[in-house]
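> no sequence on hand, only this structure:
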């Protein structure tokens, strides 16, 4: 049996510290995770998605320059944030409009004949993997800020998450019906994680912010790398060849214990302003018939 076949939940998920605030009075929803701190794990989520070869080679090898992260990082950030806003907050009509806009770009993303790694942006299984990574990111960031959810809360949170995939080509029956079934899917899917040199090189550029101007790298580079590696589960760190010590883990957990405490005193409308502004921007673009992606 290979090492990948022996994966455990502890290897494929990050460690969540104990509860550091009162439990939520009502069952949590995915919408409750729309906190600006969710973006602290965005780069890690991209890295996790790309460790699936079909996704990694599709992103790194895409000839669609207009949406390339390394060429137009701010546009790519806006597009991704807009997609998440629409998937969680959008109306059925807005989801259809955004799907059509993304589809127009995805039609150009496919491997060349004879490529070592074959990929197609319309592959529903790859889209399911990306959506699952997005869900993991929301769940992890929510728990880091609010404390570990119990089984009932986790089920309530998960029950609102299917639109992360179904807003594109993932069908409702493909999305695991329960949180327990999702864990089975997740661990099985993680066995297909293989980061080759192309993927590692691309993610190394991402970790070191080589797509943005130098002074932003100087100011934010160290913090971004720390947060990104902290958000990566142990198995993903191993695949990407990044180091993470016990001392790093303690600093990461202490940071979020502090942030979680401070967040209690920040009004919700401020914490969710970023995502809601993205939703408002999508609605403006739709109203003015401007491009969405």
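That came through, no problem. Everything quoted here is computed from the prediction, not taken from an experiment. Residues are numbered from 1 along each chain as shown.
> what's around residue 69, how many residues?
Counted with other CB atoms under 10 Å, the neighbours of residue 69 add up to 21. Placement of C-beta: from N, CA and C, glycine included.
> could you check the pLDDT of it?
For residue 69, the pLDDT comes out at 76.
> my guess is it contacts residue 76. True?
Yes - between residue 69 and residue 76 there is a contact at 4.5 Å, judged by CB atoms under 8 Å.
> pLDDT below threshold where in the stretch 1-150 of the chain?
Across the stretch 1-150 of the chain, the ranges flagged by pLDDT under 70 are 1-5, 19-25, 66-67.
> all strands for it, in order.
Secondary structure of the stretch 1-150 of the chain (DSSP state E, counting those that start in this stretch): no strands located.
> helices of that one, residue ranges please.
Per DSSP state H, counting those that start in this stretch, the stretch 1-150 of the chain carries helices over the ranges 9-12, 42-50, 53-60, 73-89, 92-106, 124-146.
> can I get those helices in JSON lines including mean neighbour count and distance to residue 285?
Output for the helices of the stretch 1-150 of the chain, formatted as JSON lines (neighbours: other CB atoms under 10 Å; distance: least, CB to CB, whole Å):
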{"stretch": "helix 9-12", "mean neighbour count": "15", "distance to residue 285": "37"}
{"stretch": "helix 42-50", "mean neighbour count": "24", "distance to residue 285": "21"}
{"stretch": "helix 53-60", "mean neighbour count": "22", "distance to residue 285": "24"}
{"stretch": "helix 73-89", "mean neighbour count": "19", "distance to residue 285": "9"}
{"stretch": "helix 92-106", "mean neighbour count": "16", "distance to residue 285": "9"}
{"stretch": "helix 124-146", "mean neighbour count": "22", "distance to residue 285": "22"}
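> report the separation between residue 213 and residue 73.
As judged by CB to CB, to the nearest Å, residue 213 and residue 73 stand 10 Å apart.
> quick one, which of the helices of the stretch 1-150 of the chain is nearest to residue 217?
Nearest to residue 217 among the helices of the stretch 1-150 of the chain is helix 73-89 (11.7 Å), distances taken as CB to CB.
> helices and strands around that closest one, which ones?
Counting contacts by 3 or more CB pairs under 8 Å, 6 or more residues apart in numbering; DSSP states H and E, helix 73-89 packs against helix 92-106, helix 163-166, helix 273-287.
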